[in-house]
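# Take this sequence and fold it.
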Amino acid sequence: MRRAAFVAMLFAALACEAGVRLDDSASPRSRVDVQSRWLHSEEGLTPERMNAMVADITNLEFRLDTSRYVGKRARIYLVVPAFIQGLRSPDGLRVEWRPRGTFLAGSALPGQRTLVYDGPIQRASLHEAFDVSLYLDARYLDRGLRFDPTFEIDVAP
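Next up, the predicted model:
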């Protein structure tokens, strides 16, 4: 009996559409020049604290095409790419976001995906805006940091 239940759960898991990138081409695209600031100004700090910076981006808007998934239950994840132009090591960045709508707040490191929505898909397009903070270690920065997150969806059977 346990084996049959395990096999049924395995097939259900395989039937889920997992990790499909959502089309966000309807999102407003613009280059955002962001000013970073040092987090600490005291002397005698450790190298980690001495090189800590933050850059804030307000009202970063995304429009996600969810038309294929209307009427289905899904999880949507924000994905921070593993490789980020202008960053010599993934250790030099942590991303935090606060939504202005119904998505979940969260944080991620390069190469991670974090849940931002769990529920039914009721519309063909989901719109969300985030206030984003990029926590940076100046020791790993090159010129022209380019942060371009994506979104993935996992759909329940």
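# Now do the phi/psi pair for the residue most central in space within the chain.
With distances taken as Cα atoms, centre = their mean, the residue of the chain nearest its centroid is L78 (2.9 Å). Comment: the main-chain dihedrals of L78 come out as phi -90, psi 130, following degrees, to the nearest 10.
# Identify the residues contacting the spatially closest residue to F83 that is not a sequence neighbour.
Excluding its sequence neighbours, the residue lying closest to F83 (Cβ to Cβ, 6 or more residues apart in numbering) is P110, at 7.4 Å. For glycine as for every other residue, the C-beta is placed from the backbone atoms N, C-alpha and C. Each residue near P110 by Cβ atoms under 8 Å, 6 or more residues apart in numbering is listed here: 80-84, 87, 90, 93.
# how far away is P110 from R73?
In this structure, P110 and R73 are 29 Å apart, going by Cβ to Cβ, to the nearest Å.
# try Y140
Following Cβ to Cβ, the distance that separates Y140 from R73 is 39 Å.
# the more surrounded of those two?
Counted by other Cβ atoms under 10 Å, Y140 and R73 do not tie: Y140 has more neighbours, with 17 against 13.
# Verify the stated contact: the more buried one with G86.
No: with contacts defined as Cβ atoms under 8 Å, Y140 does not count as touching G86, sitting 9.4 Å away.
# Show me the strands in this structure, by range?
With DSSP state E, the ranges of strands along the chain come out as 17-21, 36-38, 52-65, 73-79, 93-99, 106-108, 113-120, 125-137, 150-155.
# Nice, that's everything, thank you.
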